[in-house]
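> Fold the following, please.
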Amino acid sequence: MIDSVSAIGAQSLSGVRSPPAAAEPTQGPSFDQALAQVVGSAIDTLKTGEAVAIQGVEGSAAPMKVVESVMAAQRSLQTVLAIRDKAVSAYQEIARMAI
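Numbering: from 1, shown residues only. Prediction:
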């Protein structure tokens, strides 16, 4: 009886495929590198916006260029704040987990 059960098990498993191997990790930048790049880009945009705003006050930059650079700085600041809010939210969620 045991021999017949093991034979059935061997026959039924012959058509089952094993799960695929774990996928190779991509060779892109790590999370901290990507975050550093985003923050660095935001800082550059804010500095450019500030410089163009000063030029606008002095009268050496066109008003349209001032508006464009200030709006780009505002979008960058909002992006950085959204990332910060998500990081704080994730930290709080982890802190609430039961051990």
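
> Look at Ser60 and give its secondary structure.
Under DSSP: H, G, I helix; E, B strand; the rest coil, the three-state class of Ser60 is coil.

> Give me the neighbour count for it.
Neighbour count of Ser60, defined by other CB atoms under 10 Å: 9. (Each C-beta comes from the backbone N, C-alpha and C, glycine too.)

> Repeat that for Ala61.
What Ala61 shows, counting by other CB under 10 Å, is a neighbour count of 16.

> just Ala73 next, same as before
Counted with other CB under 10 Å, Ala73 comes out at 20.

> If we ignore the residues flanking it in sequence, what's nearest it?
Nearest residue to Ala73, sequence neighbours excluded (CB to CB, 6 or more residues apart in numbering): Gly49, at 3.0 Å.

> how many neighbours does the residue nearest to Ala61 when sequence neighbours are not counted have?
What sits nearest to Ala61 in space, not counting adjacent residues and going by CB to CB, 6+ apart, is Gln55, at 3.7 Å. By other CB under 10 Å, 15 other residues sit near Gln55.

> Please spell out which residues along the longest helix seen in the chain are buried.
With secondary structure taken from DSSP state H, the chain has its longest helix at helix 63-96. For helix 63-96, a neighbour-count test (16 or more other CB atoms under 10 Å) marks Val66, Ser69, Val70, Ala72, Ala73, Ser76, Val80 as buried.

> mind putting these in JSON lines, pLDDT and distance to Gln37 included?
Supplementary listing: the buried residues of helix 63-96 in JSON lines, determined by pLDDT from 0 to 100; distance: CB to CB, whole Å:
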{"residue": "Val66", "pLDDT": "94", "distance to Gln37": "27"}
{"residue": "Ser69", "pLDDT": "94", "distance to Gln37": "20"}
{"residue": "Val70", "pLDDT": "93", "distance to Gln37": "23"}
{"residue": "Ala72", "pLDDT": "94", "distance to Gln37": "17"}
{"residue": "Ala73", "pLDDT": "93", "distance to Gln37": "18"}
{"residue": "Ser76", "pLDDT": "93", "distance to Gln37": "13"}
{"residue": "Val80", "pLDDT": "91", "distance to Gln37": "12"}
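
> Many thanks, I have nothing further to ask.
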